[in-house]
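Undergrad: one predicted model, sequence on top.
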Amino acid sequence: MTDVFPSVTVIDHPLAAHALTILRDRRTGTALFRQAARQISLLLAHEATRDLKLTRIEIETPLEKMQAPFLAGPPPCVVSILRAGNAIQQAMLEVLPDAAAGHIGLARNETTLDAAEYYLKLPPDVAERAVILVDPMLATGGSAVRAVNRLREAGVRRVLFTCLLAAPEGLRRFTTSHPGVPVITAAIDRGLDERGYIRPGLGDAGDRFHGT
């Protein structure tokens, strides 16, 4: 499938596959769902930060001075598409404790499947940072496309989108709208049903994570 979407990376890791099965299982309760979501999100975070720029600084070990690698420039900003994206954002901030955090509130109209914005809060210097945009599901692609549009309007140049699951329909829409934005996901599922839900999917990630 990734040969059809060259800008998409599916993380290939047995821990991700195992955790994703736990997320998919309807018998999985809230506590275990949160644990599995965090595990996959940490793996996504490591893949999403693979290309961060490094510089070299002088440090002194207990034995001698040396030139050592150090992250260059301002740390990235992890932007969550509310509210379900917060689960991934929390884990990524564990990997990137110096990162800024932003939030975009987008609600899907269940009739039209379009995304309507109701909240936006970004750091004032977001245009100077690389942005990792996070949302558990890339289904129709409407929310992700709209979120990247808003980031572009804020002056952001470097964006990467991460999700737990993606559908081919959403990937097609997203990569057509934003061909220069990489996507990292744990799996690409079969497709969408008539209501715009990913099949086989894992249900509503936000409801399952929050126990609602």
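TA: Perfect, thanks for sending it.

Undergrad: rest of the way, CA atoms for contacts and neighbours
TA: Will do.

Undergrad: residue contacts, the closest residue to Thr28 other than its chain neighbours?
TA: Excluding its sequence neighbours, the residue lying closest to Thr28 (CA to CA, 6 or more residues apart in numbering) is Ile22, at 6.5 Å. Applying CA atoms under 8 Å, 6 or more residues apart in numbering, we find Ile22 in contact with Thr28, Leu32, Phe33, Ala36.

Undergrad: against Gly142, how distant is Ile22?
TA: Separation of Ile22 from Gly142 (CA to CA, to the nearest Å) stands at 27 Å.

Undergrad: the residue of the chain most remote from its centre and Ala107, how far apart?
TA: Going by CA atoms, centre = their mean, the residue of the chain most distant from its centre is Leu63, 40.5 Å out. Leu63 sits 56 Å away from Ala107 when distances are taken as CA to CA.

Undergrad: same thing with Ser7?
TA: 26 Å.

Undergrad: sec struct for the residue nearest to Thr28, please.
TA: Here Ile22 is helix, with the state taken from DSSP: H, G, I helix; E, B strand; the rest coil.

Undergrad: next SSE downstream of whichever strand or helix holds Phe161?
TA: According to DSSP states H and E, Phe161 maps onto strand 159-166. Per DSSP H and E, strand 159-166 leads on to helix 168-177 as the next helix or strand towards the C-terminus.

Undergrad: quick one: that following helix to chain centroid distance?
TA: Centroid separation between helix 168-177 and its chain, computed with CA atoms, centre = their mean, to the nearest Å, is 15 Å.

Undergrad: show me which positions of that helix end up buried.
TA: The neighbour-count check on helix 168-177 (16 or more other CA atoms under 10 Å) flags Pro168, Glu169, Gly170, Leu171, Arg173, Phe174, Thr175 as buried.

Undergrad: what angle separates that helix from strand 159-166?
TA: With axes from the mean of the first three to the mean of the last three CA atoms, to 10 degrees applied, the angle from helix 168-177 to strand 159-166 works out at 170 degrees.

Undergrad: only C-alpha atoms, please: export helix 168-177 in PDB.
TA: In PDB, the C-alpha atoms belonging to helix 168-177 read as follows (Å, rounded to 0.1, in the frame of the first residue of the first chain):
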ATOM      1  CA  PRO A 168      -6.900   4.600   1.800                       C
ATOM      2  CA  GLU A 169      -9.700   7.200   1.100                       C
ATOM      3  CA  GLY A 170      -8.200   9.600   3.800                       C
ATOM      4  CA  LEU A 171      -4.700   9.100   2.600                       C
ATOM      5  CA  ARG A 172      -5.700   9.800  -1.000                       C
ATOM      6  CA  ARG A 173      -7.400  13.000   0.000                       C
ATOM      7  CA  PHE A 174      -4.700  14.100   2.400                       C
ATOM      8  CA  THR A 175      -1.700  13.400   0.100                       C
ATOM      9  CA  THR A 176      -3.500  15.100  -2.800                       C
ATOM     10  CA  SER A 177      -4.200  18.200  -0.700                       C
END
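
Undergrad: what angle sits between the helix or strand that that helix is followed by and strand 159-166?
TA: The helix or strand immediately downstream of helix 168-177 is strand 183-188, counting by DSSP H and E. Orientation check (the same axes, to 10 degrees): strand 183-188 against strand 159-166 gives 10 degrees.
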